[in-house]
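[1] next input, structure requested:
(one chain, ligands or ions: 1)
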Amino acid sequence: MIQADPDKYGVVGDPIAHSKSPLIHRLFAEQTGQNISYQAIRIDSEEISFANAIKQLKLEGFKGLNITLPYKVDAFEQADQLTERAQLAQAVNTYLFNENGQILGDNTDGAGLVLDIEQQGQRPFNDQRVLIIGAGGAVQGILQPLLAKQPGLVHIANRTAKRAELLGQRFSTPIPITGSGWQDIPQEPFDIIINGTSASLEGKLPPISEKVIGRHSLVYDMMYAAEPTVFLNWAKQHQPECQILDGLGMLVGQAAESFYLWRGIKPDIEPVIQQVRKLIS
Ligand code: ATR
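    Next up, the predicted model:
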């Protein structure tokens, strides 16, 4: 039997060599029997603009792309159409090239986080008290999908208090959203605590009180590493019974949501998280 050529997908960014996305999508394709190829493509801004690189990839017959740092805002600006969640995030991590040549821009980061917390964390969001730490681009991307899950309340805390307050005000929802600096975080346990600052990347801890962690809290760091992050270590040190999860599941979750947009099939993320975990540790 002659096998048809695979549909082409990929991830663009810079740097891109260490991206886990080609592995993740290969595992998804095997799991679901989809005939696709997926490659990592570096866009060097000194050689080509983001817009021209995308035009070229479209001409080469790509059906869709993931977009990672530093191009998520460029991807937002260059899309012909946007999903509501991409519009609210003001950043795009997934392109779907439509039959009519138009580019649909989506943002699956927040859906990936929600999927991971619900599946690996076994935590439905409804009625949960959620503390989000950080108010930058990464947090902006997760708020709408998180609010859609009807948490009981959301408090956003950030080094720059004003940024947290303004971000909270952008969403019109009956769910109470408040924002503050570190000092004004309510000093009582939250059910779900999500660190979305870039501080973890530098091995730094946001200076918040351990009173926010309870025995039943799920503590989540949006970044991941071979070892538990400083934030997750801090949480366990103060509350050994709390549940911790790092952002590897979010990475696989956002990929699963992109795969679903492209192929109409949602892969099972858990075996893929385990395989990628083995590889990085
Ligand atoms: P990203 O797209 O990764 O979210 P960003 O938009 O620059 O990047 O946002 C970085 C976030 O991490 C912000 O919430 C930032 O706080 P400020 O708004 O006060 O700048 C936070 N952040 C960065 N470095 C930090 C540090 N050392 N301690 C605490 N928060 C930090």
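[2] just confirm residue 130 is within a strand.
    Yes: Residue 130 sits within a strand when classified using DSSP: H, G, I helix; E, B strand; the rest coil.
[3] neighbours around it, how many?
    Residue 130: 24 surrounding residues under other C-beta atoms under 10 Å. For every residue, glycine as well, the C-beta is placed using N, CA and C.
[4] can you pull the pLDDT of it?
    The model reports residue 130 with a pLDDT of 98.
[5] name the nearest residue to the residue in the stretch 51-200 of the chain that the ligand sits nearest to, sequence neighbours excluded.
    Relative to the ligand, the nearest point of the stretch 51-200 of the chain is residue 136 (1.9 Å; C-beta to the nearest ligand atom). Spatially, and ignoring its direct neighbours in sequence, residue 136 is nearest to residue 198 (6.7 Å; C-beta to C-beta, 6 or more residues apart in numbering).
[6] mind checking how far the one you found is from residue 72?
    14 Å (C-beta to C-beta, to the nearest Å).
[7] comparing these two, which residue is more hemmed in?
    Neighbours per residue, other C-beta under 10 Å: of residue 198 and residue 72, the larger number sits with residue 72, 22 against 14.
[8] report pLDDT for the more buried one.
    95.
[9] then residue 88?
    Model confidence at residue 88, expressed as pLDDT, equals 89.
[10] and the helix or strand hosting it, what does it pack onto?
    According to DSSP states H and E, residue 88 maps onto helix 84-89. With contacts taken as 3 or more C-beta pairs under 8 Å, 6 or more residues apart in numbering; DSSP states H and E, helix 84-89 sits against strand 103-106, helix 109-119, helix 143-147.
[11] so which residues make contact with the first one?
    Read it as strand 103-106. Contact with strand 103-106 is made by 54, 58, 75-76, 78-83, 85-86, 92-98, 258, 261, as judged by C-beta atoms under 8 Å, 6 or more residues apart in numbering.
[12] and the longest one, by the same measure?
    Surrounding helix 109-119, the residues in contact under the criterion C-beta under 8 Å, 6+ apart are 85, 89, 91, 93, 123-125, 138, 141-146, 149, 192, 194, 218, 220, 222, 245, 247, 249-257, 269-270.
[13] among those, which are located in strands?
    Judged by DSSP state E, the subset of the contacts of helix 109-119 located in strands is 192, 194, 218, 220, 245.
[14] with pLDDT, distance to residue 103 and neighbour count added, can I get those in a markdown table?
    As requested, the ones in strands among the contacts of helix 109-119 are arranged in a markdown table below (pLDDT from 0 to 100; distance: C-beta to C-beta, whole Å; neighbours: other C-beta atoms under 10 Å):
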| residue | pLDDT | distance to residue 103 | neighbour count |
| --- | --- | --- | --- |
| 192 | 98 | 34 | 21 |
| 194 | 98 | 30 | 26 |
| 218 | 98 | 36 | 22 |
| 220 | 98 | 31 | 29 |
| 245 | 97 | 33 | 23 |
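[15] going by distance to residue 18, which of these wins?
    Closest approach to residue 18 among those (C-beta to C-beta): residue 245, at 21.7 Å.
[16] for the closest residue to the closest one other than its chain neighbours, what are its contacts?
    Nearest non-adjacent residue to residue 245, counting by C-beta to C-beta, 6+ apart: residue 220, 5.1 Å away. Shown in contact with residue 220 (C-beta under 8 Å, 6+ apart): 113, 117, 121, 192-195, 244-247.
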